[in-house]
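Asks: Structure, please.
(2 chains)
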Amino acid sequence: MHRQYKRLIVGVLFILLVAGGFILYLSWPLLTGTTAVLETLPIDPFDPLRGQYITINYKIGTLPAPSDITEGDTVYITLKKDVNGTAQFEKLSESKPKDSLFIKGEVESTNGEKIRVRYGIEQYFFERNAYFPTNNIFVKVKIDSRGQARIIELLQNGKPVVIDYKNASFLS
Amino acid sequence: MHNKKGMASFGSIVAMIGSILIACGVAWLIATNWHQMPSIVKIIILLFATVGSYVAGIFLRMQDYEKIGKSLIVLGALLYTLSIFLIAQIFSTDVSIQGTAFLLLLAWIGVYITSYIFDSPTSLVVALVELIIWIGLQYVALIENNVIESYSLGMFALIYLFVGVLFYGLSLLHKSFNHSFARLYRWWTAFYFLTFAYILSFQTLLPLLWPAGLQQTATTLVFLVVLALISLIVAVVGILKAIEAGKVKPREVAGFIIVGILLIILIAVASSVSGKVGTCSVQNCYDLKTKNQCETTPLPDSLCQWQSEYCQEINCYAYQNQTSCQKAPAVLKCAWTNDSWSTYCVSNRTYYEYGQDPVCSKNNNDRESCVSNSVCKWNPQYYYGRSIEKPLSLWFVWIFANIIFLALILLIVGYGTWQRSSGLVNLGVFAFAVDIITRYIGFIIDIGWYTSLSIIFITGGIILIFGGWMIERWRRNLIAKANA
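Replies: Have a look, this model is predicted:
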C-alpha cells in the first residue's frame, strides 16, 4: 500500500514537472520580453486537434532574399519602430544582433527573389462561433532576448480586437 | 482489464470506452466553451482534471475496483495528452507539422513514463500508439518544406520497420527482467508486424514506395539512421539479456531476423517498379514552381504568368470584350461566344482525362521519359488511369508481399501454439480472415466489373461462409493445443 502512494506521488510530480516546464517555456517571452506591434494579413483555417484559429501573414513574413539563404535557415530580423509605433523590417542577418529589437525566424521557402519566414506566431486560436474584424489587423507580441515571440493580443486601429461569440452555448 | 483467462472482460471494455468518451467530451467542451476564462484558470482546470483522474484511478485500484481504476488511469493519460495540445492552444504555438510533432513527443514522454510509474499496461498502449503517430509526423515534418518528390513511402516503411525492431527489443528486455509488461509487448510486437505486412500487401501501395527511385533528403536519412541505431541497440541488448536469462530460444530470434530481412527485401524490391507504374500528364501552370519555369515552359493550350509567388494560368474569361478576345494569344484558342444568357470569351481547346492527353500519355508507365519532357508531370498512382496496364514486375512484387504476409501469419500462429498463448493464436487467425476478405474485395475491384456481379457475390459468399467455418475450426483446434 505504501509503495502505491509513493508511485502516485512520483507519477503526479512527473506529470506536473513536464507540463509545468512546458508552460514555463511558452510563458518565458511573455514574462521577460519586449513589446512590439506587427502588421498583418489574416486568413481563416481550422486545426482538428486544437480548434479554430486564424493564420496570420505578417508583413515581415515575406522579405527580399539574400543570396546565401536556403530553406530551413534560421534568420534574425532587426526591427525598427515607425512613427505609428509599428515594428518594421530593418535588416536581416544570420547571426544574433546585439543591442536592438529583433525577432528570430526560420526560412520556409525561397523563390530566388523573396523569402518566406516563419516566426512561430503565425496562428491565433479562438473558439467556435467567434466574430471579429479581419481587416487592418495588427498583432501585439512580446519578444524575449533570444528573439522568441509570443502573441499578446490582436489590435485594430490601435485598440484590442473584441471577439464576439454569437450563439455560443454549453453544447455548441 | 483482463480476467483469469487473460481475455478482456465486457465490464472492462465498457469502462474503457467510457473513459475515452469522457476524454472526447472534455476536449469538445473545453475547445468550444472556455473563451470567458482567463488562461491561468484554463491551465488549472486541465492539470486538475489530469491529476484527478490519475489519483482517482490509483485509489480505486488500491480499493480492488481494478477495472474502473485502470480506466481512470487511461483517462488520465488521454487528458494529459489533451492538456499538452490545449496549453499549446492557449499560447498560440506553431501549427506547422513540426510544431504538432513536438507536442505529440511531449505527450508521449509523459504517458510512456507514467505508464511505468503507475504500472498501467493500458496506459502503455496509449503511449505506444502516440509513439507510432509521432514517428510518422516527425518524418513528414522533416520533408515539409521540400519538393513533393522527396516524399517516399519506402522511407516511411523502413522507419516503421525499425520501430517494429525496437518493439521486439523492448519485448525481450521486459521478458528477461520478468516485467509485468512483457506479455503486452509480445502481443503488441506481433500485432504491429502483422499490420505492417498487411499494409505492404496492397498492390496500389507498392509503386508508391519509391516513386522517384531511392532519392532522399539528408534530414530524412539522418532520422532513419538515428532511429535504426537506437532500435538495433535495444534489439541486440534485448536478445543478449533474454538469452542470458534463458527466456528466449535461438530459433525464435532466428525467426524474427528472417522476418525482418524478408521485409527489408520486400521494401527494396519494390524499387524495381519505381518509375514503371504511373501516369504521365501535361502540367498546369500551378505545377511550375519558379519564375523561370513559369515564363519559359511551353505548355500546350495554356499561357502562364508569374504572380508575386506562384505561377497562374491566364484563361480566356480574362478577355472581356470581343476585340480583346480575338486578339488573345493563339495558344489559348479563345473565341467570342454568344449564348442565351450572355456573351463571353471562351476557350475552344480540347480537355483530356488524366493521363490520356496526346502529348504526355505516350510516356505513361515510364517516369524517365515523362520527366525528361518539360511540359509533362509524373504521378506514380496508376489508378488515375484505368486503361494503364500493370507491368509484370508489379505482379511479382505483389505476390512476394502476400507470401510474406501469409508466412508471418503462420509463424505467429505457430509461435502462439508453441508458447501456449491463445492471444497470439487469435491474432494470427484474425489476420488470416482479414487477408481473405481484403483479397476478395480487391478481386471484385480488379475483375468484378468485367463479369457478372451476381456470380462474384455468390462465389464470395460461399468462400466466406465455408472459409469462416474452417477458420473457426482451425482456431479452436489451435487454442485447444495451446491450452493443453
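
Asks: so who does B:Cys183 touch?
Replies: Slight slip there: residue B:183 is Arg, not Cys. When contacts are counted by CB atoms under 8 Å, 6 or more residues apart in numbering or on different chains, B:Arg183 touches B:421, B:423. To be clear about C-beta, it is placed using only N, CA and C from the backbone, and glycine gets the same treatment.

Asks: Domain ranges for chain A, per the record?
Replies: When chain A is parsed with automatic domain parsing, its domains come out as A:1-32, A:34-165.

Asks: Need the nearest residue in space to A:Lys96, chain neighbours excluded.
Replies: Leaving out its chain neighbours, the residue that sits closest to A:Lys96 by CB to CB, 6 or more residues apart in numbering or on different chains is A:Tyr76, at 5.5 Å.

Asks: and the residue most central in space within chain B, what element?
Replies: Residue closest to the average C-alpha location in chain B (CA atoms, centre = their mean): B:Gly136, at 7.6 Å. According to DSSP states H and E, B:Gly136 maps onto helix B:121-143.

Asks: For the helix or strand just after that helix, name the packing helices and strands.
Replies: Proceeding N to C from helix B:121-143, the next assigned helix or strand is helix B:153-176, under DSSP H and E. Using 3 or more CB pairs under 8 Å, 6 or more residues apart in numbering or on different chains; DSSP states H and E, the elements in contact with helix B:153-176 are helix B:121-143, helix B:182-200, helix B:206-209, helix B:218-244, helix B:250-269.

Asks: TSV for those, including mean pLDDT and distance to A:Ala130?
Replies: Compiled in TSV, the helices and strands packed on helix B:153-176 are given as follows (pLDDT from 0 to 100; distance: least, CB to CB, whole Å):
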stretch	mean pLDDT	distance to A:Ala130
helix B:121-143	93	28
helix B:182-200	95	40
helix B:206-209	85	40
helix B:218-244	93	37
helix B:250-269	93	47
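
Asks: From those, pick the one with the highest average neighbour count.
Replies: Across the helices and strands packed on helix B:153-176, averaging neighbours per residue (mean count of other CB atoms under 10 Å in any protein chain shown) puts helix B:206-209 on top, at a mean of 26.

Asks: do stretch A:11-24 and chain B meet at all?
Replies: Yes. Under the criterion of CB under 8 Å from any CB of the partner chain, chain B is reached by stretch A:11-24 at A:11-12, A:14-16, A:18-19, A:22-23.

Asks: hmm, which of those are the buried ones?
Replies: Neighbour counting by 16 or more other CB atoms under 10 Å in any protein chain shown classes A:11-12, A:15, A:18-19, A:22-23 among the residues of stretch A:11-24 next to chain B as buried.

Asks: ok, those vs B:Ala218, which is closest?
Replies: Comparing these against B:Ala218 with CB to CB places A:Phe22 closest, at 29.6 Å.

Asks: tell me the contacts of that closest one?
Replies: Residues in contact with A:Phe22, defined by CB under 8 Å, 6+ apart, are B:84, B:87, B:106.

Asks: So which elements touch the helix or strand hosting the first one?
Replies: Secondary structure from DSSP H and E places B:Ile84 in helix B:66-90. Using 3+ CB pairs under 8 Å, 6+ apart as the contact test, the elements touching helix B:66-90 are helix A:2-32, helix B:10-33, helix B:39-62, helix B:97-117, helix B:121-143.

Asks: would you turn those helices into JSON lines with distance to B:Ser393?
Replies: JSON lines is the format used below for the helices and strands packed on helix B:66-90 (distance: least, CB to CB, whole Å):
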{"stretch": "helix A:2-32", "distance to B:Ser393": "50"}
{"stretch": "helix B:10-33", "distance to B:Ser393": "44"}
{"stretch": "helix B:39-62", "distance to B:Ser393": "53"}
{"stretch": "helix B:97-117", "distance to B:Ser393": "34"}
{"stretch": "helix B:121-143", "distance to B:Ser393": "27"}
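
Asks: Lowest average pLDDT across the ones you listed?
Replies: Sorting the helices and strands packed on helix B:66-90 by mean pLDDT places helix B:10-33 lowest, at a mean of 68.
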